[in-house]
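Enquirer: Fold the following, please.
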Amino acid sequence: MAKKKAFALRLDENMMKALEKWAADEFRSTNGQLEWIIRESLKKSGRLPKGDPDQKDPE
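Expert: Okay, the predicted model is just below:
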């Protein structure tokens with residue numbers, strides 16, 4: 001498992017509420033939802049680090 005690095009993130013209140021609702025709708029924690037959003041964006045842009053198991057879509 002990859003080591004995780006903590007950092008502070010500032011979001012406006014409305015954005016945070018929307019994120020929390022989205023996370024709850026998908027049965028994820030808010031942190032887990034943010035990780036999923038970022039990973040999907042990196043995957044779609046072809047920017048995931050080499051060797052990442054999600055780098056290629058299984059077909």
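Enquirer: Show the model's pLDDT score for the residue nearest to the spatial centre of the chain.
Expert: Most central in the chain under Cα atoms, centre = their mean is residue 35, positioned 2.1 Å from the mean C-alpha point. What the model reports for residue 35 is a pLDDT of 95.
Enquirer: helices or strands next to the strand or helix carrying residue 23 in the packing?
Expert: In this assignment (DSSP states H and E), residue 23 forms part of helix 13-25. Using 3 or more Cβ pairs under 8 Å, 6 or more residues apart in numbering; DSSP states H and E as the contact criterion, the elements in contact with helix 13-25 are helix 30-44. Just so you know, the C-beta spots here come from the backbone N, C-alpha and C atoms, and that holds for glycine as well.
Enquirer: pLDDT-wise, which helix or strand of this protein ranks last?
Expert: Across the helices and strands of the chain, mean pLDDT, DSSP states H and E gives its lowest value to helix 30-44, namely a mean of 95.
Enquirer: Now do the buried residues in that one.
Expert: Along helix 30-44, the positions that meet the burial threshold by neighbour count (16 or more other Cβ atoms under 10 Å) are 33-34.
Enquirer: Could I have the CA atoms of it written out in CSV?
Expert: Backbone C-alpha positions of helix 30-44 (Å, rounded to 0.1, in the frame of the first residue of the first chain) are rendered in CSV as follows:
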residue,chain,number,x,y,z
THR,A,30,-15.3,12.7,2.2
ASN,A,31,-11.6,12.0,2.0
GLY,A,32,-12.2,8.8,0.0
GLN,A,33,-14.4,10.8,-2.4
LEU,A,34,-11.7,13.4,-2.9
GLU,A,35,-9.1,10.6,-3.6
TRP,A,36,-11.5,9.0,-6.1
ILE,A,37,-12.2,12.3,-7.9
ILE,A,38,-8.5,13.1,-8.1
ARG,A,39,-7.5,9.6,-9.3
GLU,A,40,-10.3,9.6,-12.0
SER,A,41,-9.0,13.0,-13.2
LEU,A,42,-5.4,11.8,-13.3
LYS,A,43,-6.5,8.6,-15.1
LYS,A,44,-8.5,10.4,-17.7
